[in-house]
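Novice: Fold the following.
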Amino acid sequence: MEDDDIEESSWPSAATANRGGSSGGGYTDIRKEILDRLMAKGIEEVVSDPSAFSEQLHWHFERLPASYSIDLDVDKPEDVLLHCRILDECANNPDKRPIFHVRFLKRRGSEPNERMMEDLSLETRNVVDDSEDSSARRDIVIHEIIVSSIAKPKLLAELSALLSAVGLNIREAHVFSTTDGFCLGAFVVDGWGIEETDDLLQKLKETTARSHASLSNPTNSAREDW
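Specialist: Okay, here's the model as predicted:
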């Protein structure tokens, strides 16, 4: 995969974002940069009460591992707000778990075919099938799926199986567990041939309810290090 294939992901390669020293399980300079950028953008929930939002931001980073801070793209500070909302919705609405958010990233033409990553891990896997003729090319529509659910063993594998069942190919995967028993994941995928996201979101929910109901079942929940 070419470098610019993944530049619009919420969580780019950690190699792009090693900023400052750690403190309290996170990177305080990144927190301040996120806060400053949101203030500069005039985001209402931020500028209306900066002190309260700063506390909320601190809690958000403290509940997630340091790798979350390392991987964040500070050029997209609104992503942190989105992650907060998704985690909050998951915590406060157990009947709706897992919580999905789908967004179109970009359409890319004339690109070598790729297959779904085979080694399920937290690191980015970009697998190109060398056996295929490099001249075989297709248009690619790339989406990002952000998901929150109860943290449990083998969750990454189960989420990956869900996306595969929907017909999606995983290009990049990041999953983080929180200190209070939830998870936050982001998957950059292709395989949904149009930019529209409403039908894709509905299909994810229907497939989860039909074949992956354990994703919303708290009885098997447990913390784990992926």
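Novice: Nearest to the spatial middle of the protein, which residue is it?
Specialist: Centroid check for the chain by CA atoms, centre = their mean gives residue 186 as the closest residue, at 1.5 Å.
Novice: Identify the bridge partners of it.
Specialist: Per DSSP bridges, the residues bridged to residue 186 are residue 146, residue 174.
Novice: how far is the lowest-mean-pLDDT helix or strand in the chain from where the chain is centred?
Specialist: Among the helices and strands of the chain, strand 99-112 carries the lowest confidence by mean pLDDT, DSSP states H and E, at a mean of 85. Chain-centre distance of strand 99-112: 13 Å, with CA atoms, centre = their mean, to the nearest Å.
Novice: What strands flank it, and is each parallel or antiparallel?
Specialist: strand 137-150 (antiparallel).
Novice: Which residues belonging to the next helix or strand after the partner strand are considered buried?
Specialist: For strand 137-150, the following helix or strand on the C-terminal side (DSSP states H and E) is helix 155-166. Within helix 155-166, the residues that qualify as buried are 155, 156, 158, 159, 160, 162, 163, 166, counting by 16 or more other CB atoms under 10 Å. For glycine as for every other residue, the C-beta is placed from the backbone atoms N, C-alpha and C.
Novice: Show me which of the residues you listed is closest to residue 178.
Specialist: Nearest to residue 178 among these: residue 155, at 12.3 Å, using CB to CB.
Novice: ok, for the closest one, nearest residue in space, not its chain neighbours?
Specialist: In this structure, residue 155 finds its nearest non-sequential neighbour in residue 183, 6.0 Å apart by CB to CB, 6 or more residues apart in numbering.
Novice: in which helix or strand would I find that neighbour?
Specialist: Under the criterion of DSSP H and E, residue 183 resides in strand 182-190.
Novice: Show the secondary-structure elements that that strand is packed against.
Specialist: In terms of contacts (3 or more CB pairs under 8 Å, 6 or more residues apart in numbering; DSSP states H and E), strand 182-190 is packed against helix 78-92, strand 137-150, helix 155-166, strand 169-177.
Novice: In JSON lines: those, plus mean pLDDT and distance to residue 198.
Specialist: Below are the helices and strands packed on strand 182-190 laid out as JSON lines (pLDDT from 0 to 100; distance: least, CB to CB, whole Å):
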{"stretch": "helix 78-92", "mean pLDDT": "97", "distance to residue 198": "17"}
{"stretch": "strand 137-150", "mean pLDDT": "90", "distance to residue 198": "12"}
{"stretch": "helix 155-166", "mean pLDDT": "94", "distance to residue 198": "14"}
{"stretch": "strand 169-177", "mean pLDDT": "95", "distance to residue 198": "20"}
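Novice: gap between residue 200 and residue 192?
Specialist: Look at residue 200 and residue 192: by CB to CB, to the nearest Å, they are 5 Å apart.
Novice: Please enumerate the shared neighbours of these two.
Specialist: Residues touching both residue 200 and residue 192 by CB atoms under 8 Å, 6 or more residues apart in numbering: residue 143.
Novice: Verify the contact between residue 91 and residue 182 for me.
Specialist: Yes: counting by CB atoms under 8 Å, residue 91 does reach residue 182; the two are 6.3 Å apart.
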